[in-house]
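In: with the sequence up front, the predicted model follows.
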Amino acid sequence: MKTYLNPDSLSRNPAFTQAIVVESPSRTVYVGGQNAITADGTIVGETLSEQAHQALRNLEAALEAAGAKLTDVVRWNVAIVQGQPVGEGFGAFREAWGDAGDPPTITVHVVAGLANPRFLVEIDAIAVL
């Protein structure tokens, strides 16, 4: 159902795949932007790493509610507040992904700010089942 493509003419990075082809039939799950916030509204963490871990836990919970898992994700969109160490975000992703196989595609945007001034990262995802 999913074919991961990393053409030799493009750079190879263990954190993401260059393109993914999805064949029908399939079910698609769209997860809206997740921040480092708990169900009771508490913002978790003061560093990008801590907040990225919480945002990924939130994504995992949303995916699970739809019957999906992180390995079903084919596309991540990540917004990181300007001045934050982007490598910490990739580190959190690599920990969450582990050795699950080919990683999804990813786009990272460096932004001036997010909906709450304490948010350092926001991640949304598209998963295919």
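Out: Noted; the coordinates are in hand.

In: rest of the way, CA atoms for contacts and neighbours
Out: Fine.

In: look up how far Asn6 lies from the nearest residue in space to Leu5 that is not next to it in sequence.
Out: If you skip the residues right next to it in sequence, Leu5 has Ala19 as its closest partner in space, 5.1 Å away by CA to CA, 6 or more residues apart in numbering. Distance from Ala19 to Asn6, counting by CA to CA, to the nearest Å: 7 Å.

In: and for those two, which residues touch both?
Out: Common neighbours of Ala19 and Asn6 (criterion: CA atoms under 8 Å, 6 or more residues apart in numbering): none identified.

In: returning to what we had before: pLDDT at the residue nearest to Leu5, what is it?
Out: In the predicted model, Ala19 carries a pLDDT score of 84.

In: what about it, distance to Phe93?
Out: Using CA to CA, one gets 18 Å for the distance from Ala19 to Phe93.

In: now for the most centrally placed residue in the chain: which residues touch it?
Out: Among the residues of the chain, Trp76 comes closest to the average C-alpha position under CA atoms, centre = their mean, at 4.3 Å. Applying CA under 8 Å, 6+ apart, we find Trp76 in contact with Pro104, Thr105, Ile106, Thr107, Ile123, Asp124, Ala125, Ile126.

In: one more: Leu63?
Out: When the contact criterion is CA under 8 Å, 6+ apart, the partners of Leu63 are Val29, Val31, Lys69, Leu70, Ala127.

In: what helix or strand is the residue nearest to the third one when sequence neighbours are not counted on?
Out: In space, not counting the residues next to it along the chain, Lys69 is nearest to Leu63; the distance is 5.6 Å by CA to CA, 6+ apart. Leu63 is part of helix 48-65, with elements assigned from DSSP states H and E.

In: and that helix, how far out from the chain's middle?
Out: Centroid separation between helix 48-65 and its chain, computed with CA atoms, centre = their mean, to the nearest Å, is 8 Å.

In: what's the average pLDDT for that helix?
Out: 94.
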